[in-house]
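structure of the sequence below:
(one chain, ligands or ions: 1)
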Amino acid sequence: MKKFLFILFFTTLFSISIYADKVKYVFLFIGDGMSMSSEYAVSNFLYGKDKELIWNSFPVQTHMETWSINSYEGEYNKNNFNSEKGYDTKIAGIVPYPYYETQDAEEYFRNSEPTDSAAAATAMATGNKVYNWGLCFDKDKKEFIHNITDKLNEKKEYNVALITTDKFYSATPAGFSSHNVSRDNRKEIAAEILSKTKPEIVAGKNDFNEMNTFAALNDYYCLDSSEINKPQVFDLVNKKIFLRLRRYFVPDPIPDFTSKSFDYRNTNNKFADVVLYATKILLEKKKPFFALVEVADIDHANHDNDFNKMLGAMYELNETVKSIYDLINSKDTDMTFDNTIIIVTADHSTGMLRFRRYLGKGKLPIVFTTKQDNATIITNMQISYESTGHTNELVGCYSVGAKSDLFKKYINEKNIIDNTDIYNVLNEIIFNK
Ligand SMILES: [Zn+2]
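Next up is the predicted model:
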C-alpha cells in the first residue's frame, strides 16, 4: 500500500509538473501607438480616476523600452550594446509621462528617433533589435530572422491567430508572420502570410480584392465580420479562417455620459465580438494557441492628434481584453488562469499627448476655433499634442495568468523591461527555453 501511494504521489507530481510547464493559451494584445497618456486619458474619461483599466488589476505591471537600431546613439552591436544609448533613463526618466515630466525629458522625446511598428513588432516576435521598416530582417547581415510564428509552425503544437483592426498585412501582424526588407511591400507580405505562414485565423481589413481568392486557394474559409453572429456551417476543425473586418469604426465618446460612455455606429463590428468569435473557434479546434490581437486605431488617432478617436480606440482595447479576461473567469471554456496568459502592451508611443488641465469623468477637451488672416486657429486649453509622429517614450506592459511570473526575471531594478523581453517571455512560456 505504501509503495502504491509512493508511486501515486510521484505520478501525480509528474503530471502536475508537465501541466504546470504547459501554457495552453497565449494572448498578446498590442495597443499600437498606445502612450501612457492614452491610458491615463481613457481611464479618467471612464472612471474619473487613473489606473482603472482592466490591465491595471494584473499582477505584472511594468514599463517597456521600445527603441530600435534607428534610435541608438552610435554604432549598435548586438553582442555589446548599452541600452542607455537606445533610451536614456537619466534624461528621459524611469517612468513615462504623466508620472514624470522635465524640460530635458520633453526635449529628448522631441529629438530621439523612435521605432516604427515594423521594428517594434520584429523585436517582440524575434528578440532582435532591427532597423525601422524591416520585418524580421537583419539589414547588416541582409538575412531574414526566424520569428515566434515560424518556431510555432515548426513545432506544430500550437495554432496561431492574427487579429487586427488594421489591414492583416500591416506592420504589427506582419512582424509576427512575415519576412520582408520593407513593410511597404504589402502585397508580398499578404501573400506570404496566406500561402506560407498560414496562421489558423487571419482577421483584419483587406484592401486587395485578389487576396480573397488567394486566401480561398490556400484553404482558407473566407467570411465577413458582419456574419459572425449568424450560425456557421463550415468545418471548424479542418478549415483555416480568413475573416475580413468590414465597416469597422471605433466608437465615439459621449460627453457627460449617463447610461453609456461610448456610441457604436454598427453593433456588429465591436472588436471584442470579433476577438471572442475567433477565440471560440480556436478553442473548438482543441489545440493550444497563440493569438496576437492588435488595436491599431490608437496609433492612427494619435498621429492625427484626434483625442476623441483615441479614446474610442482605447475603449475598444480595454473592452476586448476585458471580454477575454471575463471568458477565462467564467469557466465556460477550459481556459483558466493556470493554463492561459494575457499580455497587454504597446509597440511604441505616438503623439506626445500632454495634459494642461485635469479632465474629469465624461469630460472631453474644449476646443476654441478662431479666425486670423483667413486661417483657422484651433486652441485647446486642456490638452496639447507635441508631435504627429511616434516617440521614444516608455510604454506600459501588463500580464496575468499562467507563467506571468516569468516577467520578473526580465524586469530590471528600475521596473523596466525591453521590447525584446516579450520574445524572451513568449519563448520560455511556449518552448520552455
Ligand atoms: Zn504610427
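
report the separation between the residue nearest to residue 48 when sequence neighbours are not counted and residue 101.
Among residues not flanking residue 48 along the chain, residue 361 sits closest, at 3.2 Å (C-beta to C-beta, 6 or more residues apart in numbering). Yep, even glycine has a C-beta here, placed from its N, CA and C like the rest. Residue 361 sits at a distance of 23 Å from residue 101 (criterion: C-beta to C-beta, to the nearest Å).

wait, residue 62 sits on residue 409?
No - look at residue 62 against residue 409 with C-beta atoms under 8 Å: they stay out of range, at 11.7 Å.

CA-only coordinates of the lengthiest strand in the chain in CSV, if you can.
Taking DSSP state E as the criterion, the chain has its longest strand at strand 159-167. The C-alpha trace of strand 159-167 is given here as CSV (Å, rounded to 0.1, in the frame of the first residue of the first chain):
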residue,chain,number,x,y,z
ASN,A,159,-2.3,27.2,-33.7
VAL,A,160,-1.6,30.9,-34.4
ALA,A,161,-4.2,33.6,-34.9
LEU,A,162,-3.5,37.2,-36.1
ILE,A,163,-6.4,39.5,-35.3
THR,A,164,-6.1,43.2,-36.0
THR,A,165,-8.3,46.3,-36.6
ASP,A,166,-5.8,47.2,-39.3
LYS,A,167,-5.1,45.5,-42.6
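
how far does stretch 296-316 sit from the chain's center?
14 Å (C-alpha atoms, centre = their mean, to the nearest Å).

could you find the closest non-adjacent residue to residue 314?
Nearest residue to residue 314 in three dimensions, chain neighbours excluded: residue 42, at 3.8 Å (C-beta to C-beta, 6+ apart).

which stretch of helix or strand covers that neighbour?
helix 36-47 (DSSP states H and E).

residues of that helix that come out buried?
Buried residues in helix 36-47, defined by neighbour count with 16 or more other C-beta atoms under 10 Å: 36, 37, 38, 39, 40, 41, 42, 43, 44, 45, 46.

and the closest residue to the second one other than its chain neighbours, backbone torsions?
Right, residue 37. Excluding the flanking residues, the one nearest residue 37 by C-beta to C-beta, 6+ apart is residue 353, at 3.9 Å. Dihedral pair for residue 353: phi -70, psi 130, per degrees, to the nearest 10.

gap between residue 353 and residue 401?
Note on residue 353: its distance to residue 401, by C-beta to C-beta, is 30 Å.

got it, and residue 219?
32 Å.

ok, those two, which is more surrounded?
Neighbours per residue (other C-beta atoms under 10 Å) separate residue 219 from residue 401, with residue 401 holding more: 25 against 13.

the residue nearest to residue 37: what's it in contact with?
35, 37, 38, 41, 302, 307, 310, 383, 384, 385 (C-beta atoms under 8 Å, 6 or more residues apart in numbering).

how about residue 46?
With contact set as C-beta under 8 Å, 6+ apart, residue 46 has these partners: 52, 261, 315, 318, 361.

pLDDT wise, what is the last one at?
At residue 361, the pLDDT value in this model is 96.

numbering from 9 from now on, please.
Sure, I'll start counting at 9 from here, so that last one is residue 369.

so what's the backbone phi/psi at it?
Here is the backbone geometry of residue 369 (degrees, to the nearest 10): phi -60, psi 130.

tell me, how many residues neighbour the closest residue to residue 136 other than its chain neighbours?
Excluding its sequence neighbours, the residue lying closest to residue 136 (C-beta to C-beta, 6+ apart) is residue 153, at 5.5 Å. The local packing of residue 153 (other C-beta under 10 Å) involves 18 other residues.

likewise for the one 10 residues further on?
In terms of burial, residue 163 registers 10 neighbours under the definition other C-beta under 10 Å.

what sits against it?
So, once contact is read as C-beta under 8 Å, 6+ apart, residue 163 ends up touching residue 439.

ok, residue 366 to residue 298 distance?
40 Å.

looking at those two, which is more packed in?
Remark: of residue 366 and residue 298, residue 298 carries more neighbours, 24 against 9, as counted by other C-beta under 10 Å.

show me what the more buried one is bridged to.
residue 34, residue 168 (DSSP bridges).

I figured it hits residue 438, correct?
Yes - using C-beta under 8 Å, residue 298 is in contact with residue 438, at 6.9 Å.

among the contacts of residue 54, name the ones in helices.
In helices, defined here by DSSP state H, the members of the contacts of residue 54 are 323, 326.

ok, which pair from the contacts of residue 54 is furthest apart?
326 and 369 (15.1 Å; C-beta to C-beta).

settle it for me: which of those two has more neighbours?
With neighbours defined as other C-beta under 10 Å, residue 326 and residue 369 compare such that residue 326 has more, 24 against 14.

isn't that one up against residue 61?
Yes - in terms of C-beta under 8 Å, residue 326 counts as a neighbour of residue 61; the distance is 5.1 Å.

now the common contact residues for the two.
residue 50.

what strand or helix carries residue 112?
Using DSSP H and E, the element containing residue 112 is helix 111-119.

list the buried ones in that helix?
Result for helix 111-119 [16+ other C-beta under 10 Å]: buried residues 113, 114, 116, 117.

packing partners of it?
Contact here means 3 or more C-beta pairs under 8 Å, 6 or more residues apart in numbering; DSSP states H and E; on that basis helix 111-119 packs against helix 97-100.

for the helix it packs on, packing partners?
Judged by 3+ C-beta pairs under 8 Å, 6+ apart, helix 97-100 is in contact with helix 111-119.
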